[in-house]
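Undergrad: Predicted coordinates and the sequence they were generated for:
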Amino acid sequence: MLKGKDMISIHDLSVDEVQEILALAAELKAKQKAGVEHHLLKGKTLGMIFEKSSTRTRVSFETGMYQLGGQALFLSNRDLQLGRGEPIKDTARVLSRYLDGIMIRTYGHDRVLELAKYADVPVINALTDLLHPCQVLTDLLTIREHKGKNLKGLKMAYVGDGNNMTNSYMYGCAKAGMVFAAATPKDYAPDAEVVRNAVEDAKLTGATITLLNDPVEAVKDADIVVTDTWASMGQEAEHEERKKIFAPYQVNQELLSHADKRVIVMHCLPAYRGEEITEEVLEANADVIFDEAENRLHTQKAIMALTMA
């Protein structure tokens, strides 16, 4: 269903397409663990445009293409004429003549949309300031592994900044039929248009989307609690101010006492221990959090295989 399509936002995917990605990711993970060859993209090449750096994104996509039998090219602004002012639409049309797919990790979401508009090959959104779909699909896979394949009705609570992760969690939970509650400071709510879209998506699956300011209310009876750094890349100058504003939103043992007794805690990393999450909570949930980190590899392999094969 996804062959030749872009993967820009979970909102753009059907419920069946989300399930298709998760099912193939689980299958590819099992094959990789068993040492079974799965060269679904033999002879294919992925171009990886990085305008924002990342440990997990680069390593997981590059390793994933290798395991799928293809190859990946790392392309920074120093490697591309984009860094010298070439229009992104021209870059898109040139790269489409050479590559079988393009992955981009950047700041403004409009750059991904323009790249996809002019590219003739699938474009994968590896992160923008608005959305982080690959990470949230990864998290859904991780929840399946720890809570069972049927995600419908599970409650996820997000505590922290209303950022690209919050936006994508709303879309992911809406497609999966989950109960989603986010607690953010008043002036740090998630994107209003994303909220409207997610609420509409939720109507199709029975999911619910709730926005709150009280973290205790958000995590009440939650099966999964997630958080993210308080200052995202590009917001470093605001770090000290944000630490004061977000202090009541730390994921700690006291907050988790209000969640379900079998709650799991997730974090997309990098984590700042003592800020958005305590050392104690992170280490108690390390198995889940590092499964989550590993699953970037398997989920992105599924996305690449389904769109580029």
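TA: Thanks, I have it. Numbering: from 1, shown residues only.
Undergrad: Residue 124 against residue 306, yeah?
TA: No. Applying CB atoms under 8 Å, one finds residue 124 not in contact with residue 306, separated by 10.5 Å. Yep, even glycine has a C-beta here, placed from its N, CA and C like the rest.
Undergrad: Counting neighbours, go ahead and name the busier of those two.
TA: residue 124 (24 against 21; other CB atoms under 10 Å).
Undergrad: Tell me the gap between the strand or helix carrying that one and the middle of its chain.
TA: Assigned by DSSP states H and E, residue 124 falls within strand 123-127. With CA atoms, centre = their mean, to the nearest Å as the basis, strand 123-127 stands 10 Å off its chain's centre.
Undergrad: What is the subsequent helix or strand relative to that strand?
TA: helix 133-147.
Undergrad: so that next one versus strand 123-127, what angle?
TA: Angle of helix 133-147 versus strand 123-127, following axes from the mean of the first three to the mean of the last three CA atoms, to 10 degrees, is 70 degrees.
Undergrad: How about the helix or strand hosting residue 30, which residues are buried there?
TA: Following DSSP H and E, one finds residue 30 within helix 15-34. Buried residues in helix 15-34, counted by 16 or more other CB atoms under 10 Å: 17-22, 24-29, 32.
Undergrad: if we can go back for a sec, mind giving me the packing neighbours of the strand holding residue 124?
TA: helix 55-67, strand 101-105, helix 109-118, helix 133-147, helix 286-308 (3 or more CB pairs under 8 Å, 6 or more residues apart in numbering; DSSP states H and E).
Undergrad: now those in JSON lines, with mean pLDDT and distance to residue 167?
TA: Shown next, in JSON lines, are the helices and strands packed on strand 123-127 (pLDDT from 0 to 100; distance: least, CB to CB, whole Å):
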{"stretch": "helix 55-67", "mean pLDDT": "97", "distance to residue 167": "17"}
{"stretch": "strand 101-105", "mean pLDDT": "98", "distance to residue 167": "16"}
{"stretch": "helix 109-118", "mean pLDDT": "98", "distance to residue 167": "10"}
{"stretch": "helix 133-147", "mean pLDDT": "98", "distance to residue 167": "9"}
{"stretch": "helix 286-308", "mean pLDDT": "98", "distance to residue 167": "18"}
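Undergrad: Could you single out the most deeply buried of those?
TA: Each of those was scored by mean neighbour count; the highest is strand 101-105, a mean of 26, by mean count of other CB atoms under 10 Å.
Undergrad: what lines up beside that strand in the sheet?
TA: strand 45-50 (parallel), strand 123-127 (parallel) (DSSP bridges).
Undergrad: quick one: contacts of stretch 65-81?
TA: 32, 38-51, 58, 61-62, 64, 83, 86, 90-91, 99-100, 297, 301, 304-305, 308 (CB atoms under 8 Å, 6 or more residues apart in numbering).
Undergrad: In the protein, which residue is most central in space?
TA: residue 135 (2.0 Å; CA atoms, centre = their mean).
Undergrad: OK, contacts around that one?
TA: Neighbours of residue 135 in contact, by CB under 8 Å, 6+ apart: 127, 165, 168, 268, 296.
Undergrad: what helix or strand does residue 73 sit in?
TA: strand 71-76.
Undergrad: mind listing what's buried in that strand?
TA: Buried-residue list, strand 71-76, by 16+ other CB under 10 Å: 72-73, 75.
Undergrad: which among those gets closest to residue 252?
TA: Residue 252 lies nearest to residue 72 out of the buried residues of strand 71-76, by CB to CB, at 38.9 Å.
Undergrad: Please give the number of neighbouring residues around residue 87.
TA: Using other CB under 10 Å, residue 87 has 12 other residues around it.
Undergrad: relative to strand 101-105, how tilted is the strand holding residue 73?
TA: 40 degrees.
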